[in-house]
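> My questions are about this predicted structure, shown below with the sequence.
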Amino acid sequence: MKTKELYDDLVAAYSDENLNQITAKLILLYKQKNYAKIREIANKISSYIPIDEEKDAKCFSKLIMLYHPDKGEQTRKMINELHNQNNYESLNKYAHILVLDNLESPVEFTVDENVDYNPEYAWDVDKYDGFDYDNDEEENDETDFEKSFYNLIKIIEYGKVDI
């Protein structure tokens, strides 16, 4: 592989979107306690970067540190510098991410279309500061109560503030 081809592949692989996907998959594997798969991933990249941690949590931590999106900008800068220097050997040290291109998703995420994901109550800041004054005036003769979250909950639950 030529330096330019490797550079193009690495820039695409170290995009924030790809790093987010890799990190999310690693976190999901760890939450599911699928340590064997995490070890398999560590073994895949071991020819580039040795990860010989005995504890599963430390192995996971090393992988997260390698592929966390927060390091993406720094890594891309280093890849650009190495490309400008035409340094193929050093550039190839970042190629471990290319081994993870076909990292399958541990779980398919589906959205149930029958579920209403809209909140039952929403804070309406544009209209009456979230308070419904029309309904309260009959039960509450006073409309000069403190407009707080606590009072709003009282109105929603009991219909009045004085309770």
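Yes, it's here.
> count of neighbours near Phe60?
21 (other CB atoms under 10 Å). Just so you know, the C-beta spots here come from the backbone N, C-alpha and C atoms, and that holds for glycine as well.
> in which helix or strand would I find it?
Phe60 belongs to helix 56-67 when elements are defined using DSSP states H and E.
> Tell me the buried residues in that helix?
By neighbour count on 16 or more other CB atoms under 10 Å, the buried set for helix 56-67 is Asp56, Cys59, Phe60, Lys62, Leu63, Leu66, Tyr67.
> can you check stretch 11-24 too?
Buried-residue list, stretch 11-24, by 16+ other CB under 10 Å: Ala13, Tyr14, Asn18, Leu19, Gln21, Ile22, Thr23.
> among those residues, which two are most distant?
Ala13 and Thr23 (13.2 Å; CB to CB).
> residues touching Tyr48, list them.
Asn92, Lys93, Ala95, His96, Val99 (CB atoms under 8 Å, 6 or more residues apart in numbering).
> Dump these to a markdown table, plus distance to Glu5, neighbour count and pLDDT.
Shown next, in a markdown table, are the contacts of Tyr48 (distance: CB to CB, whole Å; neighbours: other CB atoms under 10 Å; pLDDT from 0 to 100):
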| residue | distance to Glu5 | neighbour count | pLDDT |
| --- | --- | --- | --- |
| Asn92 | 12 | 16 | 89 |
| Lys93 | 16 | 12 | 89 |
| Ala95 | 11 | 16 | 89 |
| His96 | 17 | 18 | 89 |
| Val99 | 16 | 15 | 85 |
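> Could you check the pLDDT of Phe131?
On pLDDT, Phe131 comes in at 50.
> picking up where we left off before, just put the buried residues of stretch 11-24 in TSV and tack on pLDDT.
Formatted as TSV, the buried residues of stretch 11-24 follow (pLDDT from 0 to 100):
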residue	pLDDT
Ala13	90
Tyr14	91
Asn18	90
Leu19	91
Gln21	90
Ile22	90
Thr23	90
